[in-house]
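Q: Sequence and predicted structure, then a few things I'm wondering about:
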Amino acid sequence: MTQKTQWKPARRWGVGVAALAAVAVLVWAAYRPRPMDVETATVTEGRFEQVIEEDGQLRLQHRYLITAPTAAQLQRPTLKVGDVVQAGDVVAVLAPAASQLIDPRTRSVLQQRVGSADAAVAAARANVQRAQAALAQATLDAERSAQLAQDNFIAASARDQSRLAREAAAQALKAAQAEQNAAEHAASEARAALGWAEPSGSGVRPGQTAGGWSLKSPVSGRVIKLHKDSSEPVQAGAPLLEIGDTGAMEAVIDVLSGDAPRIATGAAVQLATGRNQPPLAGQVVRVDPVAFTKTSALGIEEQRVNITVALNAPAAELQKLGDGFRVDARITVSAQDGALLVPSAALVRQGEGWQVFVLQAGKARARAVSFRDRNADSAWVKEGLKAGETVVLYPGSGMKDGQPVKGKRAA
């Protein structure tokens, strides 16, 4: 009986200790910090590219503008935008322009001008006849004086005077004939003006041709724009239509003037033309030396520079596109193969430098890093990381060094 009484308190004490330990374990399990769910990525080696992304548009390499060579009446065009034309095809027809309507007073003035011109012609013809008679008389006198001078009946000076008088009469005849020609031309001009003023039932004026003037395409291509789509009078130099080859196009990208010096001729360019469409490859062929002012969508005035890009694509593929189509350009300004890359989303500002959180044994360990360059997607690491290490993406300001985390690969 005495031994049973001694062991009973000791057994109760052991059970109490075990119960307290179990309670402590349960409390610790309930209140211990749980690992934070985070997205992770792996530090890799690959190609680092520094790019400039802007939008632009396609344009024809060569655009041909057909204009009216003279004032005329344009016949109604039969071509439409997008129609295919071959070099030498007739693309526009010009007819002589109709004369303006005049009032009876002006018509009477023109008629009187014709009468005045006819009178001037008659007077000029009379002067010609008089000059011809004077020349005939001067010729006879010169022949007679030459004979008399040969027989020594008159002096040689008299003979010379007769010869000079004949030459003067000949020049006077030429002048009279020229005046007659001028008078006849003036009369023709007056009749032509009166003829244009008189109504004509046929619609064809003197000197007109019914066929008109056919303008032909200088190249093979497609109609890009119609400046005139109906029959109407046009002045000399008026634009009629534009023709170009949509299989030969280039892209024009406007970039900030501060980015233009970074772009070299020959730089590779990727052009996105739309959803689910493969990008077009190209290269920079020209950087304009002049900037222009452009207002952004936020209302800010910016200095922009045009970049011309040659497209490395078959003509059949470009035929699906068109002049003025919008494109999104990705211009490569620098590239490096074999670079150590870490996602830009893993970088956190730390004072004057940068740091990342590396996943080690279920905890996020802060580590200072330095990089050579960075873009929107990744940074080219100089030191602080090794290939294959796992870093935390989007760590946020609440993450601390040594914090337990549960990593999940970013999609």
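A: Everything's here; your move.
Q: Can you tell me which helices and strands the strand or helix carrying residue 141 packs against?
A: Using DSSP states H and E, residue 141 maps to helix 104-150. Judged by 3 or more CB pairs under 8 Å, 6 or more residues apart in numbering; DSSP states H and E, helix 104-150 is in contact with helix 156-197. Using the backbone N, CA and C atoms, a C-beta is placed for each residue, glycine as well.
Q: so what does the helix it packs on touch, helix or strand wise?
A: helix 104-150.
Q: What angle do helix 156-197 and the helix it packs on make with each other?
A: Note on geometry: by axes from the mean of the first three to the mean of the last three CA atoms, to 10 degrees, helix 104-150 and helix 156-197 are set 160 degrees apart in direction.
Q: How far does helix 104-150 sit from its chain's centre?
A: Mean-position distance between helix 104-150 and its chain equals 66 Å (CA atoms, centre = their mean, to the nearest Å).
Q: got it, and stretch 155-174?
A: 74 Å.
Q: In it, which residues are buried?
A: By 16 or more other CB atoms under 10 Å, the buried positions in stretch 155-174 come out as 159, 162, 163, 165, 166, 169, 172, 173.
Q: ok, which stretches of the stretch 201-350 of the chain are strands?
A: Ranges of strands in the stretch 201-350 of the chain, per DSSP state E, counting those that start in this stretch, are 213-216, 221-226, 232-234, 239-244, 249-256, 268-272, 280-295, 301-311, 326-343, 348-350.
Q: With distance to residue 390 and mean neighbour count added, can I get these in JSON lines?
A: Listed next are the strands of the stretch 201-350 of the chain as JSON lines, based on distance: least, CB to CB, whole Å; neighbours: other CB atoms under 10 Å:
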{"stretch": "strand 213-216", "distance to residue 390": "70", "mean neighbour count": "14"}
{"stretch": "strand 221-226", "distance to residue 390": "56", "mean neighbour count": "19"}
{"stretch": "strand 232-234", "distance to residue 390": "73", "mean neighbour count": "15"}
{"stretch": "strand 239-244", "distance to residue 390": "55", "mean neighbour count": "20"}
{"stretch": "strand 249-256", "distance to residue 390": "37", "mean neighbour count": "20"}
{"stretch": "strand 268-272", "distance to residue 390": "30", "mean neighbour count": "20"}
{"stretch": "strand 280-295", "distance to residue 390": "35", "mean neighbour count": "14"}
{"stretch": "strand 301-311", "distance to residue 390": "39", "mean neighbour count": "18"}
{"stretch": "strand 326-343", "distance to residue 390": "11", "mean neighbour count": "18"}
{"stretch": "strand 348-350", "distance to residue 390": "16", "mean neighbour count": "13"}
